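> kindly return the folded structure for what I paste below:
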Amino acid sequence: MKRLLLLLLVPFFLQSCIVSSKPNMDFAKTIKRPKGAHVQSINPPVALAKPFIIKALKDDEDSRELASIIKKVKKVHVMLVSLDTLSDNSQYLKAMADRMDQYLQKNNYEAYATVRSKGQKVGIHAIQEGDVIRQLMIHVISPDNGEVYVHLKAKLSPDDLSKLINSMDN
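Okay, the predicted model is just below:
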């Protein structure tokens, strides 16, 4: 009986693991995608992925603090945007960045940090209620590989966010 229940529930939880070619973030859904622009979105089930991520991070001594932060994450949305040729479709990436900025302002996100390293840029924005950070929007720009957007729902402290930023910097 337990095996039957498990067989029925696993596909239900894993359906959100399917990689979609449609944007999964509100600010990107209405932007017309030109030919040669590719979007891949995934909403991994955090409850299933968390134990594997935490175990992998605990094995690495440098990432143990990050493992404690991962425990506080409740929901994750990831979206990757890549282009066949950057010069032809750079307007699409600019439109995405502009739309994301509007979305962040409208939803009262605060800019927390910008990290630049080896031509890449990582922007971190957050919604904070009192001493608790409820949502994070992380935007990674890589000139060679396109852009990655990560939206996290969590209950983090500013100290947790500081540790997260320091781990990116290292």
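> what is the neighbour count of Val150?
Other residues near Val150 come to 17 when the count uses other CB atoms under 10 Å. C-beta here means a position set from N, CA and C on the backbone, and glycine is covered the same way.
> same check, this time on Asp160
Using other CB under 10 Å as the criterion, the residues surrounding Asp160 number 18.
> could you pull out the buried residues of stretch 118-132?
Neighbour counts using 16 or more other CB atoms under 10 Å place Val122, Gly123, Ile124, His125, Ala126, Ile127, Gln128 of stretch 118-132 among the buried residues.
> pick out the residue closest to the middle of the chain.
For the chain, Val150 is the residue whose C-alpha lies nearest the centre (CA atoms, centre = their mean; 1.3 Å).
> quickly list what the spatially closest residue to that one that is not a sequence neighbour is bridged to.
Counting by CB to CB, 6 or more residues apart in numbering, Val150 lies nearest to Ile138, which is 4.3 Å off, once chain neighbours are set aside. Going by DSSP bridges, Ile138 is paired in beta bridges with Ile124, Val150.
> you'd agree Ile138 is up against Gly123?
Yes. Assessed by CB atoms under 8 Å, Ile138 is found in contact with Gly123 at 7.2 Å.
> now do the longest helix seen in the chain: everything it contacts.
Longest helix in the chain by number of residues (criterion: DSSP state H): helix 86-106. Outside of helix 86-106, the residues within contact range by CB atoms under 8 Å, 6 or more residues apart in numbering are 26-28, 30-31, 33-34, 36-37, 81, 83, 125, 137, 139, 143, 146-147, 149.
> residues in contact with the residue nearest to Val150?
Counting by CB under 8 Å, 6+ apart, Ile138 touches Val122, Gly123, Ile124, His125, Val148, Tyr149, Val150, His151, Leu152.
> and which of those is nearest Val73?
Distance to Val73, by CB to CB, is smallest for Leu152 among the contacts of Ile138, at 5.6 Å.
> excluding sequence neighbours, find me the nearest residue to the closest one.
Leu136 (4.4 Å).
> dihedrals phi and psi, that neighbour?
Leu136 adopts backbone torsions of phi -130, psi 140, taken as degrees, to the nearest 10.
> now Lys22: how far from Val132?
With distances taken as CB to CB, to the nearest Å, Lys22 is found 31 Å from Val132.
> now swap in Ala113 and tell me
Ala113 sits 18 Å away from Val132, going by CB to CB.
> and if you look at Ala111?
18 Å.
> before we move on, what about Lys94?
From Lys94 over to Val132 the distance is 33 Å, taken as CB to CB.
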